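# Sharing a model that was predicted from the sequence below.
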Amino acid sequence: MAKYLGLFVSEANEHLQRLSEGLVRLERAALAGPERAELLDDMFRHAHSVKGMAGAMGLEGIAATAHRAEDLLGVLRRGQSPAEPEAVDLLLAATDALSSMVEQASAGASPEADAALADRLARAVAAAKEGLPLGAGRPAAPPPAAEAEAPALPAPGGLRSFTVQVSVSAGCPVPAVRGFLVLKKLNGLGAVARSTPSVEDLRAGRIPSRRLEVVLDSAETPQALERALSQISDLESVTIRALEEAPPPPAPSREPAAQAEASRTVRVRAELLDYFLDTVGELILAAARLREVGRSLPEPHRQAHEEGVDRLQGIVKDLHGKVMSVRMTPIATLVERLPRVARDLARKMGKQVEVVVTGAEIEIDRAILDELSDPLVHVLRNAVDHGLEPPHLRQLAGKPAAGRITVAARRERDRVILEVSDDGKGMDPARIRAAAVARGVIGEEEALSLPDREALQLACLPGVSTSDVVTDVSGRGVGLDAVKRVVESVGGALEIDSSPAVGTRFTLRLPLTVAVQSALLVRVGDEVLGLPIAKVHGAAEVELARLERSQGGPLLGYGGGHVPVHDLGRLLGLPAGPPGPRRSVVVAEAEGGRVGLAVDALIGQEEAVLKPLGQPLSLVPGLSAVTVLGNGRPVFILDVSRLLAA
């Protein structure tokens, strides 16, 4: 797991920083009601994420400490105890201890849990559950981590300098990962003085021409170095030479273009790429505005203007594609660690699992990839914990003892489809309905009226869990709600399909980029608004007065069921347009299932260059972003779930 250590350290430190900030805010501000609940939910998820990532890395000490902190946050979250200063002190001490342990792990250590701190946390949880004061007092600060001693280097006279040239085979889907493994292996055999490409480039998936060259100072023999590298698969050739040896005359290159590309490769900050993408988005809008203005020109001048705008749009489109290609990253960097995560979890639960990954070479915007790490692990852990049966039950059902989980990625036009499927027992819609009703997130009558496919989506509501036992894997109502929220935040959609005794499939429909998304434009009164196409299921033109009604509201028959219809103008507080007998109804996905939004007209679909909202517009419920049409008119993109919840 060494190649994922840097990613774990970075993400764990971010989660712990957010947890620390949340604790301070909880103590300083007199929060109550939904604001307090939201903050506690957020802190709980940060602790939960640290625990899960640490467990996947085999860092049991960190996982155990985070689990104890999560227990105490869970007590506060359920309202069993107020946020006493002692509780905040104790959780801050746990956060500091976890940060220290992560720092030790970054140096290659496997830190043990602080037994005294774990005991304080356990006693605090027990006291809180009984309604007693925590009585933990201010725990002693954890002892500072001992500084790692610098490894003793061999005497200078015992070292030799080598150049190690490695070529990764053309059939390897993730050549940068193989290059990174070579670099890590050589680091253990000596001191790497220089590598081309650098370790940062390899982490980012860049290895021009599939070649790596390393200058190594080592006491090993060339034969020993070659034997060590032979253990790494997918290496086409390995050449090791002592630097004092004169290199042979270079052979004629069969790839001059690739060598030229390597010599011109530079590292660019992610912030600069974001700026380039924003600027190209502005150029797209400016070109659309020029085309709109050109329609008012006299006919003799219009053709020349249109030709110039066409050329400009072609250049801008090509520039946008080049900037996006730089930001695109193979999903292999995300999915390659999943087999190990599933294997370790299955062993802990007494299960057997085989993980098959396909389509790892598919590329997606790095900004989206960074957001998917936790959600994908959540889905995988759900598949192992909830989906796969124990070996003896699988054999009784005529299945292989080892369960099978498939992680498949594919490209469909302007979207990436990422599927995680298992051949387990499937999900029970009836149990999910019952859990949602017991949680109070949906009424019993409404739950029973939902088709099975929509009932499965109830598992994505906060706190809904069908697990009977709370473990370090499941049963806390954390997971799918976070998955759905993250997927939708990047403009995607989460779908669940399941068949009893056959298995379950989670489908993540993701845009290639978060900067440009397809939107359905609708008109309400004098306003034009946008709905993300990913959230739209369909549309119909109906007479609202002739629809069936329930609880005073109209119901639209759609997809074998009924969806409630809301007037979008009333939801937004817009003045009504001229009355008409027929209205267009857009069927969209919301938090609790599908809903119908009555609008005055459908305008059409458009590729929208999205811009984030600043204050105070970002505080308006239901608005998620803004775009600008070719005529210069700003159009708000709606968040249907937030709009209905307001």
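On my side now, so go ahead. Numbering: from 1, shown residues only.

# Quick one: mean pLDDT over stretch 541-548.
Stretch 541-548 shows a mean pLDDT of 82.

# Name the residues of it that are buried.
Using 16 or more other Cβ atoms under 10 Å as the test for burial, stretch 541-548 gives Val542, Leu544, Leu547. Quick note: C-beta positions are derived from backbone N, CA and C, even for glycine.

# Centre of the chain to it, how far?
40 Å (Cα atoms, centre = their mean, to the nearest Å).

# Could you double-check that Ala645 sits in contact with Pro621?
Yes: under the criterion of Cβ atoms under 8 Å, Ala645 makes contact with Pro621 at 7.2 Å.

# so what sits against both of these two?
Common neighbours of Ala645 and Pro621 are not found (criterion: Cβ atoms under 8 Å, 6 or more residues apart in numbering).

# Show the contacting residues for Ala170.
Shown in contact with Ala170 (Cβ under 8 Å, 6+ apart): Arg210, Glu236.

# how about a cut-off of 10 Å?
By Cβ atoms under 10 Å, 6 or more residues apart in numbering, the contact list for Ala170 reads Arg210, Asp234, Glu236.

# again, but for Val309
Ala287, Ala288, Arg289, Leu290, Arg291, Glu292, Val293, Gly294.

# Describe which strands the helix or strand encompassing Arg505 pairs with in its sheet and in which direction.
If you go by DSSP states H and E, Arg505 is part of strand 503-511. Note on strand 503-511: by DSSP bridges, its sheet partners are strand 415-422 (antiparallel), strand 493-499 (antiparallel).

# Highest mean neighbour count out of those strands?
By mean neighbour count, with neighbours taken as mean count of other Cβ atoms under 10 Å, strand 415-422 ranks first of the strands paired with strand 503-511 at a mean of 22.

# I'd like the distance from the helix or strand harbouring Ala94 to the chain centre, please.
Assessed by DSSP H and E, Ala94 sits inside helix 85-106. Per Cα atoms, centre = their mean, the displacement of helix 85-106 from the mean C-alpha position of its chain is 25 Å.

# C-alpha coordinates for it, CSV please?
This file holds the C-alpha atoms of helix 85-106, laid out as CSV (Å, rounded to 0.1, in the frame of the first residue of the first chain):
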residue,chain,number,x,y,z
PRO,A,85,-16.5,21.5,27.2
GLU,A,86,-15.1,18.2,28.4
ALA,A,87,-16.4,16.4,25.3
VAL,A,88,-14.9,19.0,23.0
ASP,A,89,-11.6,18.8,24.9
LEU,A,90,-11.6,15.1,24.6
LEU,A,91,-12.4,15.1,20.9
LEU,A,92,-9.8,17.8,20.2
ALA,A,93,-7.2,15.6,22.0
ALA,A,94,-8.3,12.7,19.8
THR,A,95,-7.9,14.9,16.7
ASP,A,96,-4.4,16.0,17.8
ALA,A,97,-3.4,12.4,18.5
LEU,A,98,-4.7,11.3,15.1
SER,A,99,-2.8,14.0,13.3
SER,A,100,0.3,12.9,15.1
MET,A,101,-0.3,9.3,14.1
VAL,A,102,-0.9,10.3,10.5
GLU,A,103,2.4,12.2,10.5
GLN,A,104,4.2,9.0,11.8
ALA,A,105,2.5,7.0,9.1
SER,A,106,3.8,9.4,6.5
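
# Please point out which parts of the helix or strand just after that helix sit buried.
Once helix 85-106 ends, the next helix or strand along the chain (criterion: DSSP H and E) is helix 115-129. For helix 115-129, burial by neighbour count (16+ other Cβ under 10 Å) applies to Leu117, Ala118, Arg120, Leu121, Ala124, Val125, Ala127, Ala128.

# cool, stretch 97-115 as well?
97-106, 111, 113-114.

# Out of the residues you listed, which comes closest to Leu243?
Ser106 (31.4 Å; Cβ to Cβ).

# Which secondary structure state does Ala69 sit in?
helix (DSSP: H, G, I helix; E, B strand; the rest coil).

# any idea how far the nearest residue to it once chain neighbours are set aside is from Ala128?
Using Cβ to Cβ, 6 or more residues apart in numbering and skipping residues adjacent in sequence, the residue nearest Ala69 is Ala94, 4.2 Å away. Going from Ala94 to Ala128 by Cβ to Cβ, to the nearest Å gives 15 Å.

# same deal with Leu290?
Counting by Cβ to Cβ, the gap from Leu290 to Ala128 is 64 Å.

# ok so, going back, off-centre distance for the strand holding Arg505?
13 Å.

# The residue nearest to Ala69 reaches Lys51, doesn't it?
No: using Cβ atoms under 10 Å, Ala94 is not in contact with Lys51; the gap is 11.5 Å.

# who's more crowded, those two?
Ala94 (28 against 24; other Cβ atoms under 10 Å).

# returning to that earlier point: weakest of the strands paired with strand 503-511 by average pLDDT?
strand 493-499 (a mean of 88).

# dump the residue contacts of the most centrally placed residue in the chain.
In the chain, the centroid-proximal residue (Cα atoms, centre = their mean) is Leu372; its distance is 1.5 Å. Neighbouring residues of Leu372 by Cβ under 10 Å, 6+ apart: 331, 334-335, 364, 379, 418, 483, 486-487, 490, 492, 508, 510.

# Narrow those residues to those in helices?
Those of those mapping onto helices are Leu334, Val335, Val379, Val483, Val486, Val487, per DSSP state H.

# quick one: the last one from Gln457, how far?
Same thing as Val487. 12 Å.

# where do the strands sit along the stretch 501-646 of the chain?
Counting by DSSP state E, counting those that start in this stretch, the stretch 501-646 of the chain has these strands, from start to end: 503-511, 516-524, 527-532, 536-542, 548-550, 553-558, 561-567, 583-590, 593-599, 601-609, 623-628, 634-638.

# so of the ones you listed, which one's packed in deepest?
strand 593-599 (a mean of 24).
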